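> Got a sequence here, can you build the structure:
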Amino acid sequence: MSDVLVSARGLEVHFPGRRGGPVLRAVDGVDLDILRGETLGLVGESGCGKSTLGNALLRLIPSTGGSISFAGTDVTSLRGRGLRELRRRAGMVFQDPFASLDPRRTVAQTVSEPLEVHGLRSGRRERADRVAELLELVGLDPAVAGRYPHEFSGGQRQRVGIARALAGEPDFLVCDEAIASLDVSVQAQVLNLLRRLQRQLGLTLLFISHDLSAVRHISDRIAVMYLGRVVEIGPAAAVGTDPQMPYTQALLSAVPVPHPALERQRKRIVLRGDVPSPSAVPSGCRFRTRCPYVFEPCDDVDPALQPVGAPGQLAACHLHGVVGTPATAPEGVTPVRNG
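Alright, predicted model coming up:
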């Protein structure tokens, strides 16, 4: 059995431009493997294509190029029964637990819906028992099954959303900014819940977030996305402490240090400008318009992911012209700061 559960090759999700304008390249040629039983963190600024990639892997939106495989089967063009089975085995935990729950349905009705759709429990009593099991699994009292979403806190609503996502007995969950709308104190609780469920149920998780600190806490590996592409990927410890791509270094520098003296002394990398529009991707390296280092190849050559740093760590950057060199300008090249 392959260690890879979900795989994308050359995956593209392009949207037509408005009024005949340029195509919006939300996901623009992503190669990605997600291993069985791991948590892969996907991090990047807003608008980089993270959520679009997660939706495409679940076939919630159509891809316009490349391929997606699940457990060794090409699912790029699945229809009918095959697509329904994929939807059972691969679920989603959404960002806003209030918007993603129907306010007119009780917790029991919400959590039991996947059981009915996929025929996993035949009778009302069996479904009620399974709902109680799922609520206990996510840390809720089964007695709340008759309540409505507005009667819960944000953290409790997110637990209901997780219970619903688990009802189909999935192998793979995409958690799309699953803690972004929660209070900081509640975020840690939900992260710990997801880690426990991942170990207890043998789940494979894609944890999408703009918060590198949260991603480091929960992930086995981290993939960094910028303007539709994965620009760095590797073990969480390596990417989170010794990033090899200037964009990742900037993201890491923005993570607060929980020590007042060290926080005052540390230097932040402030990127100039905003992320370019996905409908106007720069030539060559797509990060070059904001990168603190620019030299000749950056304008014309789009760098490929290559091994750098720790074992299993890959980065797409011309600063690594020689495999394994650190993220500094090559010998004889003076870095040029934009602006």
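> Look up the pLDDT of the residue nearest to E177 when sequence neighbours are not counted for me, please.
Spatially, and ignoring its direct neighbours in sequence, E177 is nearest to Q95 (3.9 Å; Cβ to Cβ, 6 or more residues apart in numbering). For glycine as for every other residue, the C-beta is placed from the backbone atoms N, C-alpha and C. Note on Q95: pLDDT of 87.
> For Q95, which three-state class applies?
coil (DSSP: H, G, I helix; E, B strand; the rest coil).
> residues contacting it?
For Q95, the contacting residues are D176, E177, A178, A180, S181, by Cβ atoms under 8 Å, 6 or more residues apart in numbering.
> let's go with 10 Å and repeat that
By Cβ atoms under 10 Å, 6 or more residues apart in numbering, the residues touching Q95 are 51, 158, 161, 175-182, 208-209.
> now swap in R221 and tell me
Going by Cβ under 10 Å, 6+ apart, R221 touches 33-35, 38-42, 233-239, 312-313.
> ok, what's across the strand from it?
On the basis of DSSP bridges, R221 is bridged to L40, P235.
> roughly how far apart are it and R81?
In this structure, R221 and R81 are 33 Å apart, going by Cβ to Cβ, to the nearest Å.
> One more: P246?
On the measure of Cβ to Cβ, P246 and R81 end up 47 Å apart.
> Kindly give a single ChimeraX line that selects the buried subset of the contacts of R221.
Here is the ChimeraX selection string for the buried members of the contacts of R221, based on 16 or more other Cβ atoms under 10 Å:
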select :33,34,35,38,39,40,41,42,233,234,235,236,238,239,313
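> Extract the residue ranges of the protein that are flagged as low pLDDT.
1, 257-266, 321-339 (pLDDT under 70).
> immediately after the longest helix along it, which helix or strand?
For the chain, the helix with the greatest residue count under DSSP state H is helix 184-201. As assigned by DSSP states H and E, the chain's next helix or strand after helix 184-201 is strand 204-209.
> That next one vs helix 184-201, what angle?
Here the directions of strand 204-209 and helix 184-201 differ by 160 degrees (axes from the mean of the first three to the mean of the last three Cα atoms, to 10 degrees).
> on that earlier part again, report all helices and strands that the longest helix of the chain contacts.
Other helices and strands packing on helix 184-201, by 3 or more Cβ pairs under 10 Å, 6 or more residues apart in numbering; DSSP states H and E, are strand 39-43, helix 124-137, helix 154-166, strand 172-176, strand 204-209, helix 212-218.
> Which strands or helices does the last one pack on?
Under the contact criterion of 3+ Cβ pairs under 10 Å, 6+ apart, the helices and strands touching helix 212-218 comprise strand 39-43, helix 184-201, strand 204-209, strand 221-226, helix 236-241, helix 246-253.
> Quick one, which of the ones you listed gets closest to D102.
For D102, the closest of those is helix 184-201, at 20.8 Å, according to Cβ to Cβ.
> if we can go back for a sec, now, of the contacts of Q95, which are buried?
Those of those that meet the buried threshold are S51, Q158, G161, C175, D176, E177, A178, I179, S181, L182, I208, S209, by 16+ other Cβ under 10 Å.
> Now for P311: which residues touch it?
Shown in contact with P311 (Cβ under 10 Å, 6+ apart): G234, P235, A238.
> which residues touch the closest residue in space to the last one that isn't next to it in sequence?
Once its chain neighbours are removed from consideration, A238 has its nearest residue in A310; the separation is 3.7 Å (Cβ to Cβ, 6+ apart). Under the criterion of Cβ under 10 Å, 6+ apart, the contact list for A310 reads G234, P235, A237, A238, V239, T241, D242, Q244.
> Which residue is the nearest non-sequential neighbour of the fifth one?
The spatial neighbour of V239 that comes closest, neighbours along the chain excluded (Cβ to Cβ, 6+ apart), is I222 at 4.3 Å.
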